[in-house]
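Trainee: after the sequence you'll find the predicted model.
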Amino acid sequence: MNLINILIQTIFSQNFIFMRFLGLCPFFGLTNDMESSIGMGGAVTFVTVMASVVSYLVYYLILIPLGVEYLQTISFIVTIAVFVQLVEIYLKKMIPNLYKVMGIYLPLITTNCMIMGVTLLNIQNGYTLLETVFFAFGSSIGFTLAMILMTSIRIRLRDSKLPEFFKGAPIVFIAASFIAIAFMGLQGLGG
Amino acid sequence: MKNNLLKIFTKGLFIENPVFILMLGLCSVLAVSVSVINALGMTLAFTFVIVLSELTISLIRNWIPKTLRIPIFIVIIASFVTILQFLLQAYLPALNKSLGIFIPLIVVNCIIIGRIESFASKRPVVESILDGLGISLGYGIAIVLIAVVREILGSGSILGIQLFGSSFQPALMFILPPGAFLVIGIEIGALNAFMKKYNKKVCSR
Amino acid sequence: MSRYVITASPHIRNKVNTVFLMNTVSISLLPAAMGGIFIFGWKNTLPVILVSIVSAILSEGLLQKMLKMPLTWFDGSAALTGFLLALTCPPGIPIWLPVVGTIFAIFSKQVFGGLGQNPFNPALIGRAFMVLSFPVYMTSWMKPFSMVTSSTPLALYAENGGMKSVLAFFQGNVPAMYKSMFLGIRGGSIGEVFIPGLLLGLVVLLLTKTIKWQIPVSYLGTVFLLSWLFGMDPVFSILSGGVMFGAFFMATDYVTSPMLPKNQLIYGFGCGLLNVLIRVFANMPEGTTFAILLMNVVTPILDRKIKKPVGYIVDGAK
Amino acid sequence: MKTNPTKQIVKLGIILSIYCIVAALALSVTYSVTLPKIQEQQRLSTERSMKSVYPNASSFSVVTNENNDELFCSIEVESGVLIDSLYMANDSNSSLIGFVVKASSQGYGGLIMFVYGINPDKTIEAVSIIEQTETPGLGANVYKSSFLDQFSKKNVTDSFIVKQDVTPITASTITSKALTNGIKKSVDFLLEHHQEMTDEK
């Protein structure tokens, strides 16, 4: 039950984009069309889940036994950077087709603050390994959902005659604000 | 020469403002702009990390192999962030608590790594420090401008001081997540409109 | 396939049509509004409604002027937004509240380029803004035919543990509960309580072909079935809160709901599903406003992805 | 000019390791310098919260059993209500003034962490909120004295029911219930399980 609550919270009531403000760069930069939002969502999901597991192991199997928990920030970011590099090399060699789809997003992912945020929150919330996986998966699904919803609105905006004042970035922020208003109604879902 | 240094310092304020114009590092900007105090604290933390990182990398820029530059940048930024965390926990625990996870997340702030990659890793020390200070000031201006509006409308106060009588009802939505998106959207719109007018004037002259 | 090119809905470019349409909806709201005025007393309701309408029209004019857009403040759409917003307010709220709410509502429409371009229902955005910003006022309800404050039946359900406490409120008498809920003898928003008036309004909308049956039917049907599933009295569920008002007047808004009948069924289902989920599991006792707003976000995907509507803009078609 | 790729990789590896070692060294030095200060701050914040309940107490000590193990450390009393720790508050003559309970309860927006004091005459001394993430302007008003003061001098055998003997915060029934319930449940648990506490009363 707890695991399902984690999923519901991370996807809806504690959505990383709309409620926690993590992972905003791709949210504003890559939501022009459905394909790239879903592509980015997929890449982020994969990396977040894997990076969470690896950093979880790093923390509990290396940092804690050595008594150097204070190296958390530095070791997590290095872990994520190395992991993204390895994924890139692996995909390029082994699954070139997938690489073609995901490749362009991978370099952007290292500095996606959602991934770093998720790995830190896993430790902060004292999750078990299984909870960590669910938390990472749920937050990435929530991220992907937010990307898709934003794209939905932006498709609509293409046909609109926007006032000069709000053209470009401002209207995207304001649309995000209105989606966030709608998401506020889901507060409390999942306990 | 002096003119050039001044230019490096001031370009981050408006023309290349990292938040309003380049739209980088938004996560922390939107999250901590609920109050002006938090905004100032975040700016302080950000300044500490970017100036020291730019300084260090500019100093050792000739000893960084090109292929390893990104990992080395990350290690250096992360070290300064961790030092910052220690200092905050030791001397400003309240600020550390209210900024929470957004302190360690300075590591992945795209502004810092962007400035290091494009500026500090190629330029001498003085210029890099000035660049860091200018960018921080631009970041600070943006985050404080957002926080001022959100705090006045959402809490009816500024820097924690109540501005209106008790009969004033603040619109709580402005300190909730939707308020952050709304305020930054309108402010960027206003800035665009202002810049346009200003540019036109410059042209006609 | 087709030579027609369709831009974003609605396809009302004709001014006379807009005025006609908006007035039909406004007229169909009258029975429910009059019911609310009768139940809560004119002093608590009429000022809210009038101020809301006037302030909506004025803010539309002002915003259009400021944004240098063509002035259309008398086409009835702003007035309708004000009217709808007022009917979703609790009776007896301070009079500045609908003013702030309508300004935000009209802003949410003009910011996207005005009528026909807005992805979100303006009245609902206005109401959501009021609920989030001034929750104390927006959750202080009034007992019918008196000035005493009371809870809504849904608030009883959410805060005091389910159907039990609702039934206890009506002394365990189920037919009496249905009867008073149907006639609107309960705490609630001005326009949502008087069910006969809402049904009359629905008939007017359907007869004048202003709306189609798909959204109201699938919305209410979903609410009925799902609340049954979650152990809520299904009749109580559709009679309570703003579900009927939302299903008839808010979810059916042309601009923010899908165009094709099949997508409208999906849309109505989504509204119902979210509405029940919010009521049963989330913090808010009522979820109509937020459920419809969430489905507003999905509307563009429904219209373009599930089935391309006839006349979907093909690149280069002109 | 071509270099041996293996040699190249080793060289890069060494360079990166040097950077990492220098960074780790710098961090451990800063850590050891700031550590006493950080611990001092943590101790201060715990003491400050306990002082807010018993301002006149001169020392606080964790309640332990015969083996010097801490009693009541992180015990879940019922779902959502957690007793974090139990302290004794003593005055300068080291005689007992009362007990301080540090506990948390699941509120509307997350955990509400609070402390409260129990006097030997089975009344609540004062309640103080340590940390909460309730909705700003609504549940977040839980820290206000207008709400918290009504618990002072309340007998622990009272019913503690919101809207009956506890007036809730305006439009925030869930938060009010969470705190009220958290106090009542933890106090009941302690009275039932802590011999020493019941003996002295």
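Mentor: Received it, and whenever you're ready, just let me know what you need.

Trainee: how about B:Thr47: what's its closest non-neighbour residue?
Mentor: B:Ser136 (3.9 Å; C-beta to C-beta, 6 or more residues apart in numbering or on different chains). C-beta coordinates here come from the backbone N, C-alpha and C atoms, glycine included.

Trainee: buried set for the helix or strand that contains that neighbour?
Mentor: B:Ser136 is part of helix B:125-155 when elements are defined by DSSP states H and E. If you call a residue buried by 16 or more other C-beta atoms under 10 Å in any protein chain shown, then helix B:125-155 has these buried ones: B:127-155.

Trainee: what's that helix packed up against?
Mentor: Under the contact criterion of 3 or more C-beta pairs under 8 Å, 6 or more residues apart in numbering or on different chains; DSSP states H and E, helix B:125-155 touches helix B:2-10, helix B:26-32, helix B:36-59, helix B:110-115, strand B:157-158, helix B:177-204.

Trainee: for those, which one sits closest to A:Leu157?
Mentor: Nearest to A:Leu157 among the helices and strands packed on helix B:125-155 is helix B:177-204 (12.9 Å), distances taken as C-beta to C-beta.

Trainee: hmm, back to that, can you lay out the helices and strands packed on helix B:125-155 as CSV showing mean pLDDT and mean neighbour count?
Mentor: Shown next, in CSV, are the helices and strands packed on helix B:125-155 (pLDDT from 0 to 100; neighbours: other C-beta atoms under 10 Å in any protein chain shown):
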stretch, mean pLDDT, mean neighbour count
helix B:2-10, 83, 13
helix B:26-32, 90, 26
helix B:36-59, 95, 21
helix B:110-115, 90, 22
strand B:157-158, 88, 16
helix B:177-204, 83, 17
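
Trainee: can you map out the helices along the stretch 1-150 of chain C?
Mentor: Ranges of helices in the stretch 1-150 of chain C, per DSSP state H, counting those that start in this stretch, are C:15-40, C:42-66, C:77-87, C:96-110, C:122-133, C:135-138.

Trainee: looking at the ones you listed, which is closest to A:Val78?
Mentor: A:Val78 lies closest, by C-beta to C-beta, to one member of the helices of the stretch 1-150 of chain C: helix C:122-133, at 40.6 Å.

Trainee: what strand or helix carries the residue in chain D that chain A sits nearest to?
Mentor: Sorted by distance to chain A under C-beta to the nearest C-beta, the residues of chain D start with D:Tyr31, at 5.2 Å. Remark: D:Tyr31 resides in helix D:5-51, with elements defined by DSSP H and E.

Trainee: which SSE is immediately downstream of that helix?
Mentor: Following helix D:5-51 in sequence, per DSSP H and E, is strand D:59-62.

Trainee: and the helix or strand following that next one, which strands flank it?
Mentor: With elements assigned by DSSP H and E, the helix or strand that comes after strand D:59-62 is strand D:75-78. Applying DSSP bridges, strand D:75-78 is found paired with strand D:81-90 (antiparallel).

Trainee: tilt between the helix or strand just after the partner strand and helix D:5-51?
Mentor: Per DSSP H and E, the first helix or strand lying C-terminal to strand D:81-90 is strand D:96-106. In terms of direction (axes from the mean of the first three to the mean of the last three C-alpha atoms, to 10 degrees), strand D:96-106 departs from helix D:5-51 by 130 degrees.

Trainee: buried sites along strand D:96-106?
Mentor: Applying 16+ other C-beta under 10 Å to strand D:96-106 flags D:97-106 as buried.

Trainee: closest to chain C out of those?
Mentor: D:Gln106 (12.4 Å).

Trainee: and the gap between that closest one and D:Val166?
Mentor: 17 Å (C-beta to C-beta, to the nearest Å).

Trainee: does chain D have contacts with whichever helix or strand A:Ile115 is part of?
Mentor: If you go by DSSP H and E, A:Ile115 is part of helix A:113-124. No: using C-beta under 8 Å from any C-beta of the partner chain, helix A:113-124 stays clear of chain D, with a minimum separation of 12.6 Å.

Trainee: which parts of that helix are buried?
Mentor: A:113-123.

Trainee: residue of chain B nearest chain A, please.
Mentor: Nearest to chain A, among the residues of chain B, is B:Gly185, at 3.1 Å (C-beta to the nearest C-beta).

Trainee: thought that residue was touching A:Phe178?
Mentor: No: contact between B:Gly185 and A:Phe178 fails when scored by C-beta atoms under 8 Å: they sit 10.1 Å apart.

Trainee: and chain B, which residues reach chain C?
Mentor: When proximity is defined by C-beta under 8 Å from any C-beta, chain B lies next to chain C at B:169-174, B:176, B:178.

Trainee: D:Ser186: what secondary structure?
Mentor: With DSSP: H, G, I helix; E, B strand; the rest coil as the basis, D:Ser186 sits in helix.

Trainee: any idea how far C:Phe83 is from it?
Mentor: Computed as C-beta to C-beta, the D:Ser186 to C:Phe83 distance reads 51 Å.

Trainee: and the pLDDT for whichever residue of chain C sits closest to chain D?
Mentor: At 4.6 Å from chain D, C:Val136 is the closest residue in chain C, using C-beta to the nearest C-beta. If you check C:Val136, the pLDDT there is 83.

Trainee: that one reaches D:Thr170, doesn't it?
Mentor: Yes: C:Val136 is within contact range of D:Thr170, at 5.3 Å (criterion: C-beta under 8 Å).

Trainee: which residues are in contact with each of these two?
Mentor: Residues touching both C:Val136 and D:Thr170 (C-beta atoms under 8 Å, 6 or more residues apart in numbering or on different chains): D:Leu138.

Trainee: if anything else comes up later, I'll come back, but that's it for now.
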